[in-house]
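Q: What shape does this take:
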Amino acid sequence: MTTTLSPQNASAQTRSTLVIIDPAVTEAQTLANGVIDGAIALILNPDQDGIQQITAAQRQHNATVLHIICHGEPGCLSLGNTQLDLNSLSHYTEALQLWFEPALDAAQAPQLLLYGCQVAAGGIGTSFLDALHRLTGANIAASTTPTGNPQQGGDWKLERAIGRVDAPLAFRSEVMEQYAGVLFPTLARFLHSTPNSNAASILDWNSFRLFL
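A: Alright, predicted model coming up:
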């Protein structure tokens, strides 16, 4: 059953690991129910800006390890009703800089794990990761190959990293073994839109579905 929590209830459940799942991925609820112990999973609202939703979640939970599961392609993540890519990064600079608290030293740097298919592939993927690293201050791991079911050409390896990323993968082993999909983009691509500056909408926790 899907449970919607108020900010007060969500705060009481705070963990250091946050798993963000875009609802467009195959079996999103199954993935949310299958996160590792101690992690909080949030499924995004498909009708709202995904970057703003993640920013609000990070304000609430202050996670030091952030996993993002969504459809991807080289240098691009599809999140909610928008895309994050090299063209849209400038629109989200302020939001991305708020995702993590500054680390006291490199050993304590936050970690950002991106599971979208081929997000880190090629020169555009490398440039995208470099830009995210500069904006968020996080060490980053991402996939250069399809992510998901091996029979569809996928795996759960995040082949490219910037800095040290030693956090475990977001899901229990049996969930990854049984997952039927891959995280390629859907045929209907999301159209990029200008971020909504309405603070009330950013903090609207009814847009989230929380799974423990």
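Q: what residues are up against the closest residue to Asp85 other than its chain neighbours?
A: Nearest non-adjacent residue to Asp85, counting by Cβ to Cβ, 6 or more residues apart in numbering: Cys76, 4.1 Å away. C-beta: built from backbone N, CA, C; applies to glycine. Taking Cβ atoms under 8 Å, 6 or more residues apart in numbering, we find Cys76 in contact with 83-85, 116, 119, 128, 185.
Q: Now, those that are in helices?
A: Judged by DSSP state H, those include Phe128 as members of helices.
Q: How about the backbone phi and psi for the residue positioned nearest the centre of the chain?
A: The centroid of the chain falls nearest to Ile68 when counting by Cα atoms, centre = their mean (1.8 Å). Dihedral pair for Ile68: phi -120, psi 120, per degrees, to the nearest 10.
Q: repeat for the one 10 residues further on
A: Torsion angles at Ser78 (phi, psi; degrees, to the nearest 10) stand at phi -100, psi 120.
Q: gap between it and Ala103?
A: 28 Å (Cβ to Cβ, to the nearest Å).
Q: send the alpha carbons of stretch 30-48 over as CSV?
A: Output of stretch 30-48 as CSV, limited to C-alpha atoms (Å, rounded to 0.1, in the frame of the first residue of the first chain):
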residue,chain,number,x,y,z
THR,A,30,8.6,-2.9,-6.3
LEU,A,31,11.9,-1.1,-6.4
ALA,A,32,10.8,1.3,-3.6
ASN,A,33,9.8,-1.7,-1.5
GLY,A,34,13.1,-3.4,-2.1
VAL,A,35,15.6,-0.8,-0.9
ILE,A,36,18.4,-1.8,1.5
ASP,A,37,17.9,-1.6,5.2
GLY,A,38,18.1,1.9,6.6
ALA,A,39,17.3,3.7,3.4
ILE,A,40,14.3,5.9,2.6
ALA,A,41,12.7,5.6,-0.8
LEU,A,42,10.7,8.3,-2.5
ILE,A,43,8.8,8.0,-5.7
LEU,A,44,8.6,11.3,-7.6
ASN,A,45,5.3,12.9,-8.7
PRO,A,46,5.3,12.6,-12.5
ASP,A,47,3.5,15.9,-13.0
GLN,A,48,6.0,18.0,-11.1
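Q: Low-confidence regions, this structure specifically.
A: Applying pLDDT under 70 to the chain flags the ranges 1-15, 185-212.
Q: Okay, strands next: where are they in it?
A: Counting by DSSP state E, the chain has these strands, from start to end: 17-21, 39-43, 65-69, 72-73, 76-79, 82-85, 111-114, 139-142, 160-162, 209-211.
Q: okay, the ones you listed in a markdown table with distance to Gln178 next?
A: What follows is the strands of the chain, written out as a markdown table (distance: least, Cβ to Cβ, whole Å):
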| stretch | distance to Gln178 |
| --- | --- |
| strand 17-21 | 16 |
| strand 39-43 | 17 |
| strand 65-69 | 15 |
| strand 72-73 | 21 |
| strand 76-79 | 24 |
| strand 82-85 | 29 |
| strand 111-114 | 20 |
| strand 139-142 | 23 |
| strand 160-162 | 26 |
| strand 209-211 | 17 |
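Q: which of the ones you listed is buried the deepest?
A: Comparing those by mean neighbour count (mean count of other Cβ atoms under 10 Å), strand 72-73 ranks first with a mean of 26.
Q: now that one, how far from the centre of its chain.
A: 12 Å (Cα atoms, centre = their mean, to the nearest Å).
Q: Brilliant, that's me finished.
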